[in-house]
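Participant: When you get a sec, could you give me coordinates for this:
(2 chains)
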2 protein chains.
Amino acid sequence: MADILHRIGVKASLDHVYRALTTRDGLAGWWTTNTQGESKVGGEITFRFSTDGKDIGGFNMKVLELQPARRVLWEVMDGPEEWIGTRVSFELKQEDDWAIVLFKHLGWKEPVEFMHHCSTKWATFLLSLKSLVETGSGAPDPKDVKVSNWH
Amino acid sequence: MADILHRIGVKASLDHVYRALTTRDGLAGWWTTNTQGESKVGGEITFRFSTDGKDIGGFNMKVLELQPARRVLWEVMDGPEEWIGTRVSFELKQEDDWAIVLFKHLGWKEPVEFMHHCSTKWATFLLSLKSLVETGSGAPDPKDVKVSNWH
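Facilitator: The predicted structure follows:
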């Protein structure tokens, strides 16, 4: 098993960051504009991505945990084969006037090349989350940061 | 043991990317402007970082492997305790008109919070490498992308 790990700090309240992780508008503001579903425990959220207006796939996440201003945990129900069954966790904590996000994408079976790619993309999306909360403007798909020939 | 993994694609030749990983000017153009030493097998390169003009530490890397347009491998000789003895690897390959960089920071003893931070920072520095090679301008320390209260 292998995990993707990241840490960002957002100059904002924990509540503000938590809302960006647990509302459709929030998620659509930093990950992908095409976000559907409702963030409630046991519910499913669908994230779709596109290139040049063409759908290129996405992820269905089941919401496993919602602890306000503390933790959000999803399980991947559908998407690329390597993602299915993995879990995505956001842990929040306060440090001075920073909201710290410890991010983990847990349980990759193998450290395949696609995992390298997803690690870099997660970093860009977490910086998009930081920007959304701090400035009101993120870089969700389709205006996300392109890191390679893979998107 | 835990590893940080990333993948970027650079619209440039493998040779151009390899030079940015193996010359002092190249390294100073995307990681830190305060880069000293010579990139030769068995040699040591010193990278120092600063905040507001004040030195905040850095890394000494021993060059273990230099395979032109293929691979660069370093071992961390000095720096933060968690880094010492870990290895940093850049594997290069061509895909169409892209130079692909598979990055690995291998051998963290524990997935500590600092590892989360370094994973996110590596992503920003690899995108700085991509920008340097594609546009001539990167974002090395001290003008690097700040991701949190930790830098």
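
Participant: What about residue A:7, how many residues nearby?
Facilitator: 23 (other C-beta atoms under 10 Å in any protein chain shown). Where you see a C-beta, it was placed from the backbone N, CA and C, and this is true even at glycine.

Participant: swap in residue A:92?
Facilitator: When neighbours are counted by other C-beta under 10 Å, residue A:92 comes out with 20.

Participant: Pop out the phi and psi values for the nearest residue to it once chain neighbours are set aside.
Facilitator: Spatial nearest neighbour of residue A:92, chain neighbours left out: residue A:14 (5.2 Å); criterion: C-beta to C-beta, 6 or more residues apart in numbering or on different chains. Torsion angles at residue A:14 (phi, psi; degrees, to the nearest 10) stand at phi -60, psi -40.

Participant: Would you mind naming what in chain A lies close to chain B?
Facilitator: Within chain A, the positions near chain B by C-beta under 8 Å from any C-beta of the partner chain are A:2-9, A:95-96, A:98, A:100, A:102-104, A:111, A:113, A:115-117, A:119-120, A:123-124, A:126-127, A:130, A:145, A:147-150.

Participant: can we see that at 6 Å?
Facilitator: Counting by C-beta under 6 Å from any C-beta of the partner chain, chain A comes close to chain B at A:5-9, A:95, A:98, A:102, A:111, A:115-117, A:119-120, A:123, A:147-149.

Participant: Contacts for stretch A:44-51, please.
Facilitator: For stretch A:44-51, contacts defined as C-beta atoms under 6 Å, 6 or more residues apart in numbering or on different chains pick out A:32, A:34-37, A:39, A:55-56, A:58-62, A:141-142.

Participant: now with 8 Å?
Facilitator: Outside of stretch A:44-51, the residues within contact range by C-beta atoms under 8 Å, 6 or more residues apart in numbering or on different chains are A:24, A:27, A:31-32, A:34-39, A:55-63, A:74, A:77, A:141-142, A:151.

Participant: Please enumerate the helices of chain A.
Facilitator: A:14-22, A:24-30, A:113-135 (DSSP state H).

Participant: elements contacting the longest one?
Facilitator: Helices and strands in packing contact with helix A:113-135 are listed as strand A:2-10, helix A:14-22, helix A:24-30, strand A:98-108, strand B:2-10, strand B:98-108, helix B:113-135; criterion 3 or more C-beta pairs under 8 Å, 6 or more residues apart in numbering or on different chains; DSSP states H and E.

Participant: 6 Å - rerun?
Facilitator: For helix A:113-135, the elements it packs on are strand A:2-10, helix A:14-22, helix A:24-30, strand B:2-10, helix B:113-135, judged by 3 or more C-beta pairs under 6 Å, 6 or more residues apart in numbering or on different chains; DSSP states H and E.

Participant: Of all the residues in that helix, which ones are buried?
Facilitator: A:114-133 (16 or more other C-beta atoms under 10 Å in any protein chain shown).

Participant: What of stretch A:74-86?
Facilitator: A:74-76, A:79, A:83, A:86.

Participant: Same list (the residues you listed) but as a markdown table, adding pLDDT.
Facilitator: A markdown table is the format used below for these (pLDDT from 0 to 100):
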| residue | pLDDT |
| --- | --- |
| A:74 | 98 |
| A:75 | 98 |
| A:76 | 98 |
| A:79 | 97 |
| A:83 | 98 |
| A:86 | 98 |
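
Participant: In strands only, show me these.
Facilitator: A:74-76 (DSSP state E).

Participant: got the contact list for the residue sitting nearest the centre point of chain A?
Facilitator: When C-alpha atoms, centre = their mean is applied to chain A, the residue found nearest the centroid is residue A:31 (6.0 Å). Residues counted as contacts of residue A:31 (C-beta under 6 Å, 6+ apart) are A:125, A:140.

Participant: any idea how far residue A:125 is from it?
Facilitator: Going from residue A:31 to residue A:125 by C-beta to C-beta, to the nearest Å gives 5 Å.

Participant: And for residue A:2?
Facilitator: In this view, residue A:2 and residue A:125 are 19 Å apart by C-beta to C-beta.

Participant: strand partners of the lengthiest strand in chain A, parallel vs antiparallel please.
Facilitator: Using DSSP E to define each element, chain A has its longest strand at strand A:54-67. Applying DSSP bridges to the sheet, strand A:54-67 is found paired with strand A:44-51 (antiparallel), strand A:71-78 (antiparallel).
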